[in-house]
Structures are given as C-alpha cells and as structure tokens.
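J.: need a structure here:
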Amino acid sequence: MIAIGIIPARYTSTRLPGKPLVDLGGQSMIQRVIGQAQQSVLSRVVVATDDERILQHVLGFGGEAVLTSPDHPSGTDRVWDAYQQLNTSADCIINIQGDEPFIHPSQINALVQLFARPQPPQLATLVKPVLTHEELFSPHLPKVVLDTTRHALYFSRHPLPYQRQHPQENWLQNHRYLRHIGLYGYRPDVLAKITQLSPSPLEIAESLEQLRWLEHGYRILTAETELETIGIDTPEDVSRALDHLAKQREAQ
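T.: Model prediction:
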C-alpha cells in the first residue's frame, strides 16, 4: 500500500508571519513536522508551499517540496495541487498540518491503516476524547459527533450534543465528548472531487471546511487518538512549544 504525506505550508500568517521557518530548538517548525512524519509508515513526505523561501529551506536540509499556486483557498486545495505535480499514484494521501511539530507517527499510522481496509473510506480524520471543561467549550477546538460505524455526523465549534437535562458543568460526567484533530486522509479520486466543491452554508456558518464534504454527501471515517498535539499559531504557542521541548530533553 502506498501512502503519501503532504504538508501544506504558507509563509503568510496574520498572527505569526513566516510560521513554518520559526526556530524550535535548533530546527525549523517545518523540519520538525517532516521529521515526525518520516517516522511513520508513509512512503513519501512532501511539503506543498506557495513561498520560495520555504521551498529552498526544505530542499536545503534534504526534504522534498513543491511550489504550488499562491491562490489556493485552503490546505486541501494545496495538497491536491502538490499531488498532481508529483506525477505518481497512491492509495491514500495524508494531509499533515504544517504547524504541528509534535504530531506523533502513530497518529499518522492510525489514518493510513483505515485505508488498508477491504473497503477503504472516502475520507478519514482523527478524533480525541475531550478531557476538560475548557476544551469542551473552546470554539478553537472543534467537536465531532459520530455514528455507530465511527463516521462523522457533524463537526461544530459548540459542544454537541446539547444535554438539556443536565447543567453544563456536568456535561462531561454524563457524555463522552470527542474533539477533532486536524489530520486528514483522502482517497486520491475523492480529493480530486472535493476540491471542485463550492463552500457550503454549514461550512460558512461554522468556518469548518470538513462540513462542506459532509453537506455534499461524502463520508468521513474517524480513528481515535489519546495523544495530545500542540498546534502553533501565535508567539505564545512558540514559547509553549519550546517549554515542551525542554521537558522532553530533561526526560531523556
């Protein structure tokens, strides 16, 4: 089975310009993402970027990268552009967030394994149990509800389901909530189709791209992880990541 990992990476970021090139303990963020992904079962790991600086940086340390259009509205579109440029075939494509320097190889493997099934999914993503009240009510951590086959029914920035019979401070005691981890897997034929879809009403309302796919009838299978990830969007997140690295080194 051939699984290709593609990491969309833009230079422009409102809160943290040049984010992929930010130094994290002697390595750039994008280099750390690549290093983690290369420890997984992926056959190939490629950066998809719209910026020559990122392209040359990745090529400079021996990574693989392609230059994509600067006009793509989403990382999904950038992944499809890169895959077409690779001029190869794969059983699945894994979209790895370029601002997750501590993504664990086992999380990537969990998605790839879903595509090894006799009937591989159209799309796949990761979910994680919600552990705290702060997580549950944070609009920055989308939640997801599943059907009995572990396909996503809906994603929301609001906790779902709404427990009418319980006060909100007791919701975690009475229901197992799941949050979404933004790692995606696609069948190549499905990726080609979803990049042709127009934004949908639910997607616009929640500002969650995956709702476009659900609204157009695509199914998203989920795998579950217990591992936490540390996404980096702000200078404060960089400080948090450096603290995490320091703790890792102390533990070794």
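J.: give me the mean pLDDT for the lengthiest strand in the chain.
T.: Under DSSP state E, the strand in the chain containing the largest number of residues is strand 178-186. What strand 178-186 shows for mean pLDDT is 96.
J.: and the closest residue to Asn95 other than its chain neighbours, how far is that from Leu227?
T.: Excluding the flanking residues, the one nearest Asn95 by Cβ to Cβ, 6 or more residues apart in numbering is Tyr184, at 4.2 Å. Backbone N, C-alpha and C define where each C-beta goes, glycine included. Distance, Tyr184 to Leu227, using Cβ to Cβ, to the nearest Å: 17 Å.
J.: of these two, who's got more company?
T.: More crowded of Tyr184 and Leu227, by other Cβ atoms under 10 Å: Tyr184, with 23 against 13.
J.: name the helix or strand for Ile54, please.
T.: Ile54 belongs to helix 52-60 when elements are defined using DSSP states H and E.
J.: next, the buried residues of that helix.
T.: 54-55, 57-58 (16 or more other Cβ atoms under 10 Å).
J.: what packs against it?
T.: Helices and strands touching helix 52-60, as assessed by 3 or more Cβ pairs under 8 Å, 6 or more residues apart in numbering; DSSP states H and E, comprise helix 29-37, strand 44-49, strand 64-67.
J.: that older thread, among the buried residues of helix 52-60, which two are most distant?
T.: The most widely separated members of the buried residues of helix 52-60, counting by Cβ to Cβ, are Leu55 and His57 (7.3 Å).
J.: adjacent strands (with direction) for the longest strand of the chain?
T.: According to DSSP bridges, strand 178-186 forms sheet pairs with strand 92-95 (antiparallel), strand 123-129 (antiparallel), strand 143-146 (antiparallel).
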